[in-house]
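Chemist: This is the structure alone, sequence omitted:
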């Protein structure tokens, strides 16, 4: 009794110190077939619910009203109520959906279908497929430019970033990158696109300010006492001031901190095992990492660049999204 | 930088709607030997063995090629050993100089010598260690691992388990002797002890009869009686005569590894890590069957060609070979790390799966086997020991 009172008081005090409301953090557990819900202030697990078979990609609508989960082995996207955790409906995704990206307005949803060399475009309101875009072999990473002009898909065996025009769903440009491109992300100002290559061990930097996208740099990684082949860049996040890029390095169990102006790696932060995807809290105070082989998430203090916490979640956490304010 | 320029060029061509696409012409030449049926009907060879992997790789390559304005084509040829030379000449005559060869060691060597600098051969199946050493040829890249790479992969795992005392049972065919030699070398290399060796004589005859297990159940226990104290039984039976009958039939409750039980393989239909499921589904959709090691190795050979052609914009044997052996080359192969070539003998470095036929038990190299260049070089002949000179002489020139 005493203890819980103290705890409540502590939470209340913390609440005063941080006027921002706590946000829900949703983590998809690939093997556990569930989504774990954390509180971004206490970092306690506050819920877990079944999310279909092999949940991987996870995202939330801009207004926070719908949570989308790629249920890879069910060949659908499951849509949940982020408050009640009830399944609202499903979206047709094509086979084996793995990653997707939502239009900044919340509609449509662009989904990578690993098994069918397609990107499927789905209307989140009518639940209908709007278009299917043939891309390279094993499409995986998805990104959309802040102005919503370009939808990016990376294909793992073709080793390309495909630039799909969101107006007519035609591929207008292709840029070759290193082996097994996994993830793509734009800077908030849309001037640069980053593509991580898991097996190539690099992040390609693509300039978006010219007449067409141009590969301008490749960021490599080096950690003492870690075999180079285990430095496998996967998930990424860029701060909204476009200054810092965070790169999850998979089996190297580290997140690289990159100075986006110079493309120099500033630091490597030790996190859990097989770090896969990343998400900021809306205030960008914290970065959450999913660690597939240690069944936990790590919480990174963005300002001080240190890992401050790890929290056990379900089996083989894969993706993570934080609810908007 | 060069790479970027080439890419820009290739893209400019596509944009301009230029019709002169780069043609990448390759072939799979399969030499079919007369052979007895396998012990298990699960191992029956499909007619499209290897070819199916080639078709899938060509589809994969072409998907990329379409974006870059490149045309990939594949010809598949199956002939007897006597017809091998003529078949190669025919392919060369058609302007195909990138040839994936599925054959035994001797035929591969004869083809390589006949081809000279007219072709680049990619060895998809021949396992001989001599081909990577004394008998290496500059115009051959080895996609298939050598026997030593596979025996080293198994040996590392056995040592990790601290199962260092082996009984080695070898068959009576030349390829069984070669495999047993590889196990002896692996034992020396990783500190295992072969406490006893036995030979299993192939007395001929059909592999299967209607009485099935009856005779086997009498023979194998007697054959394996009174073995010295050991941890595992290592079977060297490449000819597929007896190893499959060892598990459960041995005199004592033995663990069998090597040619039966826990086997070192390049591929297994059960492999699903590192995106392998995607390869399996693509392959099964195409063929309505599981992928075999041969299919994977042919797929990988053609992906080497595809990767080199994509990055260089060239399709001639010399350019493909130079890029494959160069520093820049890496390829994703569903093994969790890039595969690359050993520049001193043209062997593809690759992790080896350890499979019991139903699940993948482990993948070698094992943790803790360190190497100054790549842990993958702890498998098979390494640079300091190699007796291959065809590649280094060229580098010295």
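Modeler: Received the coordinates, thanks. Keep in mind that this is a model prediction, so the values were computed, not measured. Numbers count the residues shown, from 1 in each chain, chains lettered A, B, ... in the order given.
Chemist: going forward, measure contacts and count neighbours with C-alpha atoms only.
Modeler: OK.
Chemist: Residue B:271: neighbour count?
Modeler: By the measure other C-alpha atoms under 10 Å in any protein chain shown, the count of residues near residue B:271 is 22.
Chemist: low-confidence ranges in the chain?
Modeler: Assuming you mean chain A. A:1-20 (pLDDT under 70).
Chemist: was after chain B, sorry
Modeler: B:1-20, B:206-212, B:393-397.
Chemist: Residues of it that sit close to chain A?
Modeler: By C-alpha under 8 Å from any C-alpha of the partner chain, the part of chain B that sits against chain A consists of B:4, B:7, B:11, B:60-61, B:63-64, B:67, B:278, B:281-282, B:330-332, B:336-338.
Chemist: rerun that using 7 Å as the cut-off
Modeler: Residues of chain B that fall close to chain A, judged by C-alpha under 7 Å from any C-alpha of the partner chain: B:60, B:63, B:64, B:67, B:278, B:282, B:331, B:332, B:337, B:338.
Chemist: Just confirm the third one is within a helix.
Modeler: Same thing as residue B:64. Yes - checked against DSSP: H, G, I helix; E, B strand; the rest coil, residue B:64 lies within a helix.
Chemist: The residues of chain B next to chain A: which two are farthest apart?
Modeler: Farthest apart among the residues of chain B next to chain A by C-alpha to C-alpha are B:67 and B:337. That separation is 25.7 Å.
Chemist: Make JSON lines from the residues of chain B next to chain A and add secondary structure, neighbour count and distance to residue A:152 to it.
Modeler: What follows is those, written out as JSON lines (DSSP: H, G, I helix; E, B strand; the rest coil; neighbours: other C-alpha atoms under 10 Å in any protein chain shown; distance: C-alpha to C-alpha, whole Å):
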{"residue": "B:60", "secondary structure": "helix", "neighbour count": "23", "distance to residue A:152": "20"}
{"residue": "B:63", "secondary structure": "helix", "neighbour count": "21", "distance to residue A:152": "17"}
{"residue": "B:64", "secondary structure": "helix", "neighbour count": "27", "distance to residue A:152": "16"}
{"residue": "B:67", "secondary structure": "helix", "neighbour count": "22", "distance to residue A:152": "15"}
{"residue": "B:278", "secondary structure": "helix", "neighbour count": "19", "distance to residue A:152": "21"}
{"residue": "B:282", "secondary structure": "helix", "neighbour count": "18", "distance to residue A:152": "23"}
{"residue": "B:331", "secondary structure": "strand", "neighbour count": "23", "distance to residue A:152": "23"}
{"residue": "B:332", "secondary structure": "coil", "neighbour count": "25", "distance to residue A:152": "21"}
{"residue": "B:337", "secondary structure": "coil", "neighbour count": "24", "distance to residue A:152": "25"}
{"residue": "B:338", "secondary structure": "coil", "neighbour count": "21", "distance to residue A:152": "24"}
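Chemist: of all the residues you listed, which comes closest to residue A:160?
Modeler: Using C-alpha to C-alpha, these come closest to residue A:160 at residue B:64, 8.2 Å.
Chemist: what's the residue nearest the centre of chain B in contact with, if anything?
Modeler: With distances taken as C-alpha atoms, centre = their mean, residue B:144 lies nearest the centre of chain B, 2.3 Å away. Counting by C-alpha atoms under 7 Å, 6 or more residues apart in numbering or on different chains, residue B:144 touches B:123, B:124, B:125, B:126, B:127, B:297.
Chemist: let's go with 6 Å and repeat that
Modeler: Going by C-alpha atoms under 6 Å, 6 or more residues apart in numbering or on different chains, residue B:144 touches B:124, B:125.
Chemist: Please report the distance of it from residue A:187.
Modeler: 43 Å (C-alpha to C-alpha, to the nearest Å).
Chemist: Residue B:163 too?
Modeler: Going from residue B:163 to residue A:187 by C-alpha to C-alpha gives 53 Å.
Chemist: secondary structure class for the residue nearest to the centre of chain B?
Modeler: Looking at residue B:144 with three-state DSSP, the answer is coil.
Chemist: Now do it against chain A, distance only.
Modeler: According to C-alpha to the nearest C-alpha, to the nearest Å, residue B:144 and chain A sit 21 Å apart.
Chemist: Tell me if residue B:197 really is in a helix.
Modeler: No - secondary structure of residue B:197 (three-state DSSP): strand, not part of a helix.
Chemist: Residue B:163 and residue A:187: which has the busier surroundings?
Modeler: Just comparing residue B:163 and residue A:187: by other C-alpha under 10 Å the higher neighbour count belongs to residue A:187, 21 against 15.
Chemist: Skip the chain neighbours and tell me the closest residue to the more buried one.
Modeler: residue A:242 (5.7 Å; C-alpha to C-alpha, 6 or more residues apart in numbering or on different chains).
Chemist: how many other residues sit next to the one you found?
Modeler: By other C-alpha under 10 Å, 18 other residues sit near residue A:242.
Chemist: what's the distance between it and chain B?
Modeler: For residue A:242, the distance to chain B - C-alpha to the nearest C-alpha - is 25 Å.
Chemist: Over to residue A:91?
Modeler: According to C-alpha to the nearest C-alpha, residue A:91 and chain B sit 22 Å apart.
Chemist: correct me, but that residue touches residue A:75?
Modeler: No - if you go by C-alpha atoms under 6 Å, residue A:91 and residue A:75 don't touch, sitting 9.4 Å apart.
Chemist: Can you name the residues of the stretch 1-150 of chain A that neighbour chain B?
Modeler: Contact residues, the stretch 1-150 of chain A versus chain B (C-alpha under 6 Å from any C-alpha of the partner chain): residue A:136.
Chemist: in the stretch 1-150 of chain A, which spans are strands?
Modeler: Secondary structure of the stretch 1-150 of chain A (DSSP state E, counting those that start in this stretch): strands at A:24-29, A:34-39, A:45-50, A:55-60, A:67-71, A:76-80, A:87-92, A:97-102, A:109-113, A:118-122, A:129-134, A:139-144, A:150-155.
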